[in-house]
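Asks: Requesting a structural model of the entry that follows:
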Amino acid sequence: MNDIQQQVQEAIDGLVESGAERGLQVAVYRQGHPVVDATAGVADPATERLVASDTPFFSFSIGKGVAATVVHVLAERGVLGYDTPIAELWPEFGAHGKETATVRHALSQSVGVPGLPAGLTPEDLYDWDKMCAIIADAEPWWEPGTRIGYHALTFGYVVGEIVRRATGKPISRVLREEVASPLGVAGELFFGVPESELGRLARLEEAEGNQGMFAAIPEDSPIFKLGPPECTTAAYGNRADTLAAAVPSYGTVTARAVARLYAALLGEVDGVRLISPERLREVSAVAMTGVDQVFGFPTSWGLGYSIDRIGTEPQETPTVFGGGGVGGSYAYADTATGTTFVLTKNRLAPSFDTAEQVTGIVANAVAHG
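Replies: Numbers count the residues shown, from 1 in each chain. Below is the predicted model:
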């Protein structure tokens, strides 16, 4: 394990030098201790500001695991339960047959409301009350809890509103008070970035062909019903109003902050443990599995996390939970090895090739260390 930092550093330096990547962060914890904190490349090409360990990256969908963690911390304190009906906290959500939907269904991608109406704009997405009203009044695509399908955008609103109704506080504040501050990463873990912090962020850019992947998808695909197409672009992630909006379908984070969060799910980190061992077993076990009703491939989810590691076959790594995001950012924890891994990047690519390469290095080092 002694040279894992060097191996990762050499790998990401090579990716930047080759032109495959612009700027990267990789962080790894093992048994509650940091073993990799590596950065490479440029955070902002306009100023040539380099990536540092404390440079936050707007990272698509890594926020889902962070949002789920907030729910687990609240569940640990008895504020809510996984089998609490959502409508018990948020009565409007029970419309159109969704009264049986539970917090567990929301976390496991099985609550049945992955889609949004056509014609929504990014400005609509920033209006929390409007979006929650739309989702609450939505007709479910399936009976909650009976099928699974990726809730790309709606996940954040449903989980965030559950937290708000249960605590009376926006999830951005609960994240800061209950998770980020105790872990010492309040300046590196955001749902909604304060204006004073915007100058620290990495700037996103599109890799060649990144948006072109959508051209190959049939026009009637459910993928196009997930939300406005521009909300997967670098331009969207660079907008000040996107960054200010506390939508926990995504997050603005550093790799080391998320790696530390996942480590505090697995065990103790500098005296802080977010959840009990019993709860860890529950949240990291498969809660829902089946063919994804949006993407059409087999998938398995725990309570807020995908189950398996990128680059492995389904069910090959059942002790791994986490998730990746559009553009190639990735985070996971492995209960078998006590390892957490996070990669953030600012060049949005149409694949997880970089994450696969670097996770492979880490997994090999752990297996032989």
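
Asks: Residue 138 and residue 114 touch, don't they?
Replies: No: using C-beta atoms under 8 Å, residue 138 is not in contact with residue 114, being 9.5 Å away. (Each C-beta comes from the backbone N, C-alpha and C, glycine too.)

Asks: all helices for the chain, in order.
Replies: Ranges of helices within the chain are 4-17, 62-76, 86-89, 103-107, 122-125, 128-136, 154-167, 171-175, 181-183, 234-238, 240-244, 255-266, 277-283, 353-367, based on DSSP state H.

Asks: Please work out which of the ones you listed is packed deepest.
Replies: Neighbour counts (mean count of other C-beta atoms under 10 Å) averaged over each of these peak at helix 255-266, with a mean of 28.

Asks: Run through the neighbouring helices and strands of it.
Replies: With contacts defined as 3 or more C-beta pairs under 8 Å, 6 or more residues apart in numbering; DSSP states H and E, helix 255-266 has these neighbours: strand 23-30, strand 33-44, helix 62-76, helix 181-183, strand 189-190, helix 277-283, strand 330-334, strand 339-345.

Asks: Could I get the ones you listed in a markdown table, plus columns for mean pLDDT?
Replies: Output for the helices and strands packed on helix 255-266, formatted as a markdown table (pLDDT from 0 to 100):
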| stretch | mean pLDDT |
| --- | --- |
| strand 23-30 | 98 |
| strand 33-44 | 98 |
| helix 62-76 | 97 |
| helix 181-183 | 98 |
| strand 189-190 | 98 |
| helix 277-283 | 98 |
| strand 330-334 | 97 |
| strand 339-345 | 98 |
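
Asks: before we move on, the earlier item: between residue 138 and residue 114, which has more neighbouring residues?
Replies: Between residue 138 and residue 114, counting by other C-beta atoms under 10 Å, residue 114 is the more crowded of the two (28 against 19).

Asks: and the residue nearest to that one when sequence neighbours are not counted, how many residues sit next to it?
Replies: Nearest non-adjacent residue to residue 114, counting by C-beta to C-beta, 6 or more residues apart in numbering: residue 151, 4.4 Å away. The local packing of residue 151 (other C-beta under 10 Å) involves 25 other residues.

Asks: Contacts only, for residue 151.
Replies: Under the criterion of C-beta atoms under 8 Å, 6 or more residues apart in numbering, the neighbours of residue 151 are 109, 111, 113-114, 158.

Asks: and if you look at residue 341?
Replies: Residues in contact with residue 341 (C-beta under 8 Å, 6+ apart) are 26-28, 259, 322, 330-333, 358-359, 362.

Asks: How about residue 264?
Replies: 32, 183, 272-274.

Asks: Which single one of these is nearest to residue 226?
Replies: Nearest to residue 226 out of the contacts of residue 264 is residue 274 (C-beta to C-beta; 29.5 Å).

Asks: Quick one: low-confidence residue ranges for the stretch 151-300 of the chain.
Replies: The model of the stretch 151-300 of the chain has pLDDT under 70 over residues 210-216.

Asks: still on that earlier bit, can you redo the helices of the chain as a markdown table with distance to residue 48?
Replies: Shown next, in a markdown table, are the helices of the chain (distance: least, C-beta to C-beta, whole Å):
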| stretch | distance to residue 48 |
| --- | --- |
| helix 4-17 | 13 |
| helix 62-76 | 26 |
| helix 86-89 | 47 |
| helix 103-107 | 41 |
| helix 122-125 | 29 |
| helix 128-136 | 36 |
| helix 154-167 | 33 |
| helix 171-175 | 31 |
| helix 181-183 | 31 |
| helix 234-238 | 17 |
| helix 240-244 | 21 |
| helix 255-266 | 21 |
| helix 277-283 | 42 |
| helix 353-367 | 22 |
